[in-house]
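> Sequence first, then the predicted structure, then my questions.
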There are 2 protein chains.
Amino acid sequence: MITKQIVLASRPNGMPTLDNFRFENVELDALKADFVELEGLFYSVDPYMRGRMNEAKSYVAPFEIDQPIEGAVIAKVTASESGNFKPDDIVMGWLYWQQKTISNSKELQKIDTTIAPASYYLGILGMTGLTAYFGFTDIGKPQAGEAVVVSGAAGAVGMVVGQIAKVYGCHVIGIAGSDEKAKRLKEEFGFDEVINYKTTKNINEAVAQCCPKGVDIYYDNVGGEISDAVIANINFKARIVLCGQISLYNSKEVPTGPRLEPRLLTKSVLMQGFIIGNYASRFSEGMSQLGKWVKEGKLKSTETIVHGFDKLPTALLGLFKGENTGKMIVQA
Amino acid sequence: MITKQIVLASRPNGMPTLDNFRFENVELDALKADFVELEGLFYSVDPYMRGRMNEAKSYVAPFEIDQPIEGAVIAKVTASESGNFKPDDIVMGWLYWQQKTISNSKELQKIDTTIAPASYYLGILGMTGLTAYFGFTDIGKPQAGEAVVVSGAAGAVGMVVGQIAKVYGCHVIGIAGSDEKAKRLKEEFGFDEVINYKTTKNINEAVAQCCPKGVDIYYDNVGGEISDAVIANINFKARIVLCGQISLYNSKEVPTGPRLEPRLLTKSVLMQGFIIGNYASRFSEGMSQLGKWVKEGKLKSTETIVHGFDKLPTALLGLFKGENTGKMIVQA
């Protein structure tokens, strides 16, 4: 059987372009014992994928030139040689960007679409939710009444972090890139204040106004000058959770900025980077907590769904332009 | 009684000079109940004092213009109206830079000079030792076999950190500013390797050679470009202990450099600033452990002693030129 796949055609220099991707037809392998045939339904596009487009090894291996892009995918079983899966089962896996694919059944996880829509397992009930949960609770160590600032607040992770912070009784300030996003974060997702970084002249001052006693937890998804402004307001014994640095991912030069250490030192601040894999042994705890909150209505989800497999590269590039509110997903 | 004191004459702009200090005669108060009269023996000069010369509040209040400088001092009781102290007792306290002074006895701590020389209580058995101990063990969380880099390694704190790291079975690399310091750190204090940052062209490469698997703990006393070189070699799940940033204390502009967060993120690194006051409730534990190691010969001390009360300002300025090996102390 022939299917369509998307490969990395070339490595980007700075901001990626559509030319860095190529569509190809590929012949699927025959279905062997323990393998299943899958049809992709929902494809996750995530900022971390930009790092894999570079040659340098980061915490995950780089994508290879002329090889398919890979990511989290929700798929439907269309044929099965595994006792654990039957046609029409819905599964999640780390799969190639292919319309159809053959996968070892041991690398797939069945998902229960009676609890939540399938796409939630790429977002609030998937890596996104776990990233928000473990980074915020395990590194942030929130206390009721503390001031929490979340950058990239309208992004997939940021939106969940802000809601979890409200569950903990924190005062939650988001930073986002449009008035529409700001309005939704406040009205639908319970953020106390949202700073529009594109229209606010002095972000440092805006953060100071929202957090007159200083910022106790900064959950950072973006880095760069927004972080400079937040960290200028950091409180004694604050925690800075480094989850993403999307504003820097497309830099051609090594990004520079004010040195942080003098302030982290005098304020006894903790800054901790993490990747979600560090918490693999606690995923079931996280999933169960997130599921409970979703059920109780304490965590809401929103998604930006782009339609059509062919739009995958466009959707990925859209992340760097802030085109998404909540999780960005491509529906086949 | 008239005595001599040293006051802050003006705030420095960048590197402090002798003109920022002024000697004055001052009349001592009469000795009241619970107070003692003291004669200064050993005066501690420390990098953190530079911060107190600025107007801005840091973690300790700034020195006031025309008011005496204050710091840790070992003194001899010369007259007492306190039941707890008698003449010739040796005490430590946070005292003005005065030759003689009147102090509330409740703010003094008697020290036992049969265990160690009096000056040790300003260094390895004082705040210096505690700073090394808590920063390294509580934040660094050392494991045997890990690669530890200490900047400012020949300084008061750095030299103790390196020796504690050897007690924990770590591979210890110091960074210091002369071949003579490097030789002493290796031969007398057990450091495995020492990089002379003044003569090494590529510190990044030198660190990579000393730590082929990456740096697991970086105990930072200096900041700036030396830190950039160390952090370029940081290992997955490493810990960076921010203790001092002496290379930046005299900057007239906000110091800039490469942004660290992308690397801290992808490597899951913890960076933690601290001040020794955070550990006040554990000082007795620290003192007892340090005393034990000193007794067992596992921790050695060295001091740079400058003679003469009048040399206090000169000795303080000398810290920023690397004139000390080990603790810098002024003996009256």
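Sure, I can see it.

> show me the contacts for the closest residue to A:Asn196 other than its chain neighbours.
Sequence neighbours aside, A:Ala182 is the residue nearest to A:Asn196 in space, at 5.3 Å (criterion: Cβ to Cβ, 6 or more residues apart in numbering or on different chains). Every residue, glycine included, has its C-beta placed from N, CA and C. Contacts for A:Ala182 (Cβ atoms under 8 Å, 6 or more residues apart in numbering or on different chains) come out as A:174, A:176, A:194-196.

> For chain B, see how far away A:Ala182 is.
Using Cβ to the nearest Cβ, to the nearest Å, A:Ala182 is found at 24 Å from chain B.

> Quick check: that residue is in a helix.
Yes. Assessed with DSSP: H, G, I helix; E, B strand; the rest coil, A:Ala182 lies in a helix.

> Which pLDDT value goes with it?
pLDDT for A:Ala182: 98.

> Can you tell me how far it is from A:Lys198?
10 Å (Cβ to Cβ, to the nearest Å).

> do stretch A:314-324 and chain B meet at all?
No. Using Cβ under 8 Å from any Cβ of the partner chain, stretch A:314-324 stays clear of chain B, with a minimum separation of 15.0 Å.

> So for that stretch, what gets flagged as buried?
Within stretch A:314-324, the residues that count as buried by 16 or more other Cβ atoms under 10 Å in any protein chain shown are A:315-319, A:322, A:324.

> C-alpha coordinates for that stretch, CSV please?
Extracted in CSV, the C-alpha atoms of stretch A:314-324 (Å, rounded to 0.1, in the frame of the first residue of the first chain):
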residue,chain,number,x,y,z
THR,A,314,2.2,25.1,8.0
ALA,A,315,0.7,24.4,11.4
LEU,A,316,4.2,23.8,12.9
LEU,A,317,5.4,27.1,11.5
GLY,A,318,2.3,28.8,12.9
LEU,A,319,3.4,28.0,16.5
PHE,A,320,6.3,30.5,16.1
LYS,A,321,3.9,33.2,15.0
GLY,A,322,1.5,32.6,17.9
GLU,A,323,-1.3,31.4,15.6
ASN,A,324,-2.6,29.0,18.2
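
> ok, the contacts of A:Ala182 vs A:Gly297, which is closest?
A:Gly174 (19.8 Å; Cβ to Cβ).

> wouldn't the closest one be in contact with A:Gly162 here?
Yes. Proximity of A:Gly174 to A:Gly162 meets the contact threshold set by Cβ atoms under 8 Å, at 5.5 Å.

> Report the set of residues contacting both of the two.
A:150, A:153, A:185, A:191.

> What residues does the stretch 151-300 of chain A have near chain B?
Residues of the stretch 151-300 of chain A lying near chain B (Cβ under 8 Å from any Cβ): A:220, A:223-224, A:227, A:236-237, A:242-245, A:248, A:254-275, A:278.

> Give the PyMOL command for selecting the buried subset of those residues.
Only the buried entries of these go into this PyMOL selection, using 16+ other Cβ under 10 Å:
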select buried, chain A and resi 220+223+224+227+242+243+244+245+248+255+257+258+259+260+261+262+263+264+265+266+267+268+269+270+271+272+273+274+275+278
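
> Show me the residues of the stretch 151-300 of chain A next to chain B that map onto helices.
Judged by DSSP state H, the subset of those located in helices is A:224, A:227, A:261-266.

> partner residues bridging whichever residue of the stretch 101-250 of chain A sits closest to chain B?
Distances between the stretch 101-250 of chain A and chain B by Cβ to the nearest Cβ are smallest at A:Leu242, namely 4.4 Å. Taking DSSP bridges, one obtains A:Asp220, A:Gly273 as the residues bridged to A:Leu242.

> Please tell me the pLDDT value assigned to it.
98.

> Residue ranges of each domain in chain A, please.
What the record gives for chain A is the domain set A:2-123+A:301-331, A:127-277, from automatic domain parsing.

> still on that earlier bit, which one among the ones in helices among the residues of the stretch 151-300 of chain A next to chain B gets closest to B:Gln99?
Looking across these and measuring by Cβ to Cβ, the closest to B:Gln99 is A:Thr266, at 31.5 Å.

> Tell me how far that closest one lies from B:Asp112.
When A:Thr266 is compared with B:Asp112 (using Cβ to Cβ), they lie 33 Å apart.

> Could you do A:Glu188 as well?
In this view, A:Glu188 and B:Asp112 are 66 Å apart by Cβ to Cβ.

> Spell out which parts of the stretch 1-150 of chain A neighbour chain B.
Within the stretch 1-150 of chain A, the positions adjacent to chain B are A:51, A:58-59 by Cβ under 8 Å from any Cβ.

> now with 6 Å?
A:58-59 (Cβ under 6 Å from any Cβ of the partner chain).

> where exactly do the helices run in the stretch 1-150 of chain A?
Taking DSSP state H, counting those that start in this stretch to define them, one finds helices in the stretch 1-150 of chain A at A:49-52, A:127-134.

> for these, which one ends up most surrounded?
helix A:127-134 (a mean of 25; mean count of other Cβ atoms under 10 Å in any protein chain shown).

> what packs against it?
Secondary structure elements in contact with helix A:127-134, counted by 3 or more Cβ pairs under 6 Å, 6 or more residues apart in numbering or on different chains; DSSP states H and E, are helix A:156-167, helix A:283-295.

> How far off centre is it?
8 Å (Cα atoms, centre = their mean, to the nearest Å).

> picking up where we left off before, which of the shared contacts of A:Gly174 and A:Gly162 tops the neighbour count?
The residue in the shared contacts of A:Gly174 and A:Gly162 with the most neighbours, by other Cβ atoms under 10 Å in any protein chain shown, is A:Val150 (35 neighbours).

> Tell me if I'm right that that residue and A:Gly162 touch.
Yes. A:Val150 lies in contact with A:Gly162 (Cβ atoms under 6 Å); the separation is 5.1 Å.

> list residues touching both of the two?
Shared contacts of A:Val150 and A:Gly162 (Cβ atoms under 6 Å, 6 or more residues apart in numbering or on different chains): A:Gly174.

> Check the spacing between the nearest residue to A:Pro258 once chain neighbours are set aside and A:Pro262 real quick.
Nearest non-adjacent residue to A:Pro258, counting by Cβ to Cβ, 6+ apart: B:Val254, 5.0 Å away. Distance, B:Val254 to A:Pro262, by Cβ to Cβ: 9 Å.

> before we move on, what about A:Phe63?
38 Å.

> How about A:Met53?
34 Å.

> go on, A:Pro87?
For A:Pro87, the distance to A:Pro262 - Cβ to Cβ - is 61 Å.

> and what of A:Leu31?
61 Å.

> Over to A:Ile173?
From A:Ile173 to A:Pro262 the distance is 24 Å (Cβ to Cβ).

> next one: A:Lys237
Taken as Cβ to Cβ, the span from A:Lys237 to A:Pro262 is 16 Å.

> what does A:Val215 give?
For A:Val215, the distance to A:Pro262 equals 17 Å [Cβ to Cβ].

> and what of A:Asp34?
57 Å.

> I'd say A:Glu146 and A:His171 touch.
No. Contact criterion Cβ under 6 Å: A:Glu146 and A:His171 do not qualify, at 7.1 Å.

> Neighbour count: these two, which is higher?
A:Glu146 (23 against 19).

> Tell me how many other residues crowd A:Lys311.
16.

> Please confirm that it is located within a helix.
Yes. Under three-state DSSP, A:Lys311 falls within a helix.

> check contacts around it.
Neighbouring residues of A:Lys311 by Cβ under 6 Å, 6+ apart: A:Val330.
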